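1. Sharing a model prediction with you, sequence too.
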Amino acid sequence: MANIAFIGLGNMGGPMAANLVKAGHKVTGFDLVQASKDAAKADGIGIAATATDAVKGAEIVITMLPAGKHVLSVWKEVIPSVGKNALMIDCSTIDVESARHAHDHATEHNLPSIDAPVSGGTGGAKGATLTFMCGGDDHAFALAKPVLENMGKKVVHCGKGGAGQAAKICNNMILGISMIGVSEAFALGEKLGLSHQALFDVASTSSGQCWSLTSYCPVPGPVPASPANNDYKPGFATALMLKDLRLSQEAAKAAGAATPLGGHAESIYEAFEKAGHGGVDFSGIIKHVRDLAK
């Protein structure tokens, strides 16, 4: 078992770190929020006074932070204090350029590194069923895979440094677009007098089938575990979906790719967020779709 430092113990990082403890690892964590530190401590995670203190003696350092600027700041702060050959893993969802800069910084100090953003939300973090999308060289991936498997059910090597973030951004652009499409279909069905269950029974077994429909249906009833049955409590908040769609559009612009539906999805979620619904699950976008018809 390994000595692991985990920096960023929020709604995702806290449960992920707790699963490492359950797997038998020694985990020392740090977060700026006292409530997050208290919850992590209750789950058996040692709490350090600073991020630098957390990484001392660690064989693996994992970060789960809000944005690229935070990841780069923390990596630059802690890397001089980590041991020789310590593995650096970033599980945040950030822009590809920042991920590549983080890899470069680790390489300058002869440290293996992986960008490993996740899919699966808070439920996946708690249940250790996350999917990890990994970028980095083969050696670093081989080192990272066993520890990531303690927190998820699928670990995919997507390519060189930054490829994990690229996969995450592309995946969540699909997700954001498809949820709007499913929501529009249900809103239209309502206007046409079609029951939610009837539309679900048809679309879920025919060409309209997709994850946004069958696993995260935006109307109450057909999928009992979806946030629609819990007043759209996240889950995956609208503000986070908007963050990922913005990342996708920044990446598309930098790469010279055309993503018109991705851009339109960004504008739709932005309007929903500006209306005060940033903390609502992203499947709540159906409320916005309905309002557009009023």
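-> Arrived safely.
2. Please make it C-alpha for all contacts and neighbour counts, starting now.
-> Will do.
3. Tell me which stretches of the stretch 151-294 of the chain form strands.
-> 152-159 (DSSP state E, counting those that start in this stretch).
4. which ones are touching the closest residue to residue 16 other than its chain neighbours?
-> What sits nearest to residue 16 in space, not counting adjacent residues and going by Cα to Cα, 6 or more residues apart in numbering, is residue 125, at 5.4 Å. Contacts for residue 125 were tallied using Cα atoms under 8 Å, 6 or more residues apart in numbering; they are 12-13, 15-16, 151-152.
5. again, only using 10 Å
-> Going by Cα atoms under 10 Å, 6 or more residues apart in numbering, residue 125 touches 11-19, 118-119, 131, 151-152.
6. which one of those has the most neighbours?
-> Most neighbours among these, by other Cα atoms under 10 Å: residue 17, with 32 neighbours.
7. For that residue, give its distance to residue 76.
-> 22 Å (Cα to Cα, to the nearest Å).
8. do residue 290 as well
-> Residue 290 is 46 Å from residue 76, by Cα to Cα.
9. Next step: the contacts of residue 125 restricted to strands.
-> Of those, the ones assigned to strands by DSSP state E are 118-119, 131, 152.
10. Out of those, which one has the lowest pLDDT?
-> Least confident entry in the ones in strands among the contacts of residue 125, by pLDDT: residue 119, with 91.
11. So what sits opposite it in the bridge?
-> residue 131 (DSSP bridges).
12. my read: residue 152 touches residue 123, true?
-> No. Look at residue 152 against residue 123 with Cα atoms under 10 Å: they stay out of range, at 11.1 Å.
13. For residue 13, give me its contacts.
-> 6-7, 19, 29, 31, 36, 40, 62-65, 91-92, 122, 125-126.
14. Nearest to residue 282 among those residues?
-> residue 122 (13.4 Å; Cα to Cα).
15. Give me the nearest residue to the closest one, chain neighbours excluded.
-> Closest to residue 122 by Cα to Cα, 6+ apart is residue 12, at 5.7 Å.
16. Next step: the contacts of residue 13 restricted to strands.
-> Using DSSP E, the contacts of residue 13 in strands are 6-7, 29, 62-63.
17. In a markdown table: those residues, plus distance to residue 98 and neighbour count.
-> Output for the ones in strands among the contacts of residue 13, formatted as a markdown table (distance: Cα to Cα, whole Å; neighbours: other Cα atoms under 10 Å):
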| residue | distance to residue 98 | neighbour count |
| --- | --- | --- |
| 6 | 19 | 29 |
| 7 | 17 | 29 |
| 29 | 23 | 29 |
| 62 | 16 | 26 |
| 63 | 14 | 24 |
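18. Confirm that residue 74 sits in a helix.
-> Yes. Residue 74: assigned to a helix according to DSSP: H, G, I helix; E, B strand; the rest coil.
19. pretty sure it is in contact with residue 52, am I right?
-> Yes. The pair residue 74 and residue 52 passes the contact test of Cα under 10 Å, sitting 8.7 Å apart.
20. just to revisit the earlier point, so can I have JSON lines of the contacts of residue 125 showing distance to residue 221?
-> Listed next are the contacts of residue 125 as JSON lines, based on distance: Cα to Cα, whole Å:
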{"residue": "11", "distance to residue 221": "27"}
{"residue": "12", "distance to residue 221": "27"}
{"residue": "13", "distance to residue 221": "31"}
{"residue": "14", "distance to residue 221": "31"}
{"residue": "15", "distance to residue 221": "28"}
{"residue": "16", "distance to residue 221": "30"}
{"residue": "17", "distance to residue 221": "33"}
{"residue": "18", "distance to residue 221": "32"}
{"residue": "19", "distance to residue 221": "31"}
{"residue": "118", "distance to residue 221": "28"}
{"residue": "119", "distance to residue 221": "24"}
{"residue": "131", "distance to residue 221": "27"}
{"residue": "151", "distance to residue 221": "30"}
{"residue": "152", "distance to residue 221": "28"}
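21. Let me see the domain layout of this structure.
-> 3-159, 166-292 (automatic domain parsing).
22. hmm, what's the outermost residue in this structure?
-> Residue farthest from the centre of the chain, counting by Cα atoms, centre = their mean, is residue 193 at 36.6 Å.
23. distance of that residue from residue 293?
-> 16 Å.
24. Now stretch 155-168: average pLDDT?
-> 97.
25. how about it: buried residues?
-> Residues 155, 157-168 are the ones in stretch 155-168 that count as buried (16 or more other Cα atoms under 10 Å).
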